[in-house]
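> Okay, predicted coordinates and the sequence, questions at the end:
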Amino acid sequence: MSDDCLFCSIVDGDIPGRIVAERDDALAFLDANPLAPGHTLVVPRTHAERLDDLSVDDSRAVFDLVRDLAPDVEVAVDADGLNVGVNDGEAAGQEVPHVHVHLVPRFEGDGGAPIHAVAGDRPDLSDDELDEIAAKIE
Ligand code: 5GP
Ligand code: ZN
């Protein structure tokens with residue numbers, strides 16, 4: 001538990017949340033300000049701010065729960081698809097500093113956009129630049 005962390009407070013039951021799945025190391029609840037019906041958040045029970053702060057076990061627990069819940073969320077709201085994403089860091093739009101994976105149900109013609117729309121202008125990178133970036137990530 002981190003002091004003043006909203007999602008730690010939901011994990012601890014100190015503030016209410018519409019919990020939809022519980023595991024030993026992960027929890028899922030509905031987003032209070034949903035982008036679509038069924039918008040669900042999956043969080044580790046143990047506080048971690050960024051993906052890089054997650055332990056291997058918590059990472060596994062979170063992403064296993066995402067995998068398990070994805071079809072259930074989609075069926076529950078009769079969606080046609082689902083966007084799954086993490087705003088990892090303030091620059092990426094993270095507002096609550098406790099790792100959470102968004103499951104956002106999508107409907108044909110809902111007027112939304114694919115995940116490709118989240119970043120700014122596309123960079124024009126040469127093959128050499130792509131090779132260089134790949135080598136740095138490896
Ligand atoms: P972020 O921008 O950090 O990726 O997303 C934070 C999400 O938490 C937002 O989608 C927001 O609607 C949701 N949220 C903020 N406060 C609460 C709350 O008190 N309860 C729940 N269930 N979700 C919240
Ligand atoms: Zn927390």
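That came in fine, so what should we check first? Ligands and ions are numbered 1, 2, ... in the order given.
> If you drop the residues flanking it in sequence, what lies closest to Leu30?
Arg18 (4.1 Å; CB to CB, 6 or more residues apart in numbering). Where C-beta positions appear, they are placed from N, C-alpha and C, glycine not excepted.
> wait, Asn83
Nearest one to Asn83, counting by CB to CB, 6+ apart, is Val104 at 4.5 Å.
> right, and that neighbour touches Val42 too?
No - look at Val104 against Val42 with CB atoms under 8 Å: they stay out of range, at 12.0 Å.
> re the thing from before, any idea how many residues pack against the residue nearest to Leu30?
11 (other CB atoms under 10 Å).
> Same check on Val96?
Neighbour count for Val96, taken as other CB under 10 Å: 13.
> mind listing the helices for this protein?
For the chain, the helices defined by DSSP state H occupy 6-11, 56-76, 127-137.
> Could you point out which of these sits nearest ligand 2?
helix 6-11 (3.4 Å; CB to the ion).
> residues from this structure in reach of ligand 1?
Leu6, Gly17, Phe29, Leu30, Asp31, Ala32, Asn33, Asn87, Gly93, Gln94, Glu95, Val96 (CB under 6 Å from any ligand atom).
> Against Gly109, how distant is the fourth one?
Leu30 sits 23 Å away from Gly109 when distances are taken as CB to CB, to the nearest Å.
> More neighbours: those two, which one.
Neighbour count, other CB under 10 Å: between Leu30 and Gly109, Leu30 has more, with 16 against 7.
> what is that one paired to in the beta sheet?
For Leu30, the beta-bridge partners are Thr40 (DSSP bridges).
> what sits against the residue nearest in space to the middle of the chain?
Geometric centre of the chain, nearest residue: Val101, 1.4 Å, by CA atoms, centre = their mean. Contacts for Val101 (CB atoms under 8 Å, 6 or more residues apart in numbering) come out as Leu41, Val42, Val43, Val62, Phe63, Val66, Val84, Gly85, Val86.
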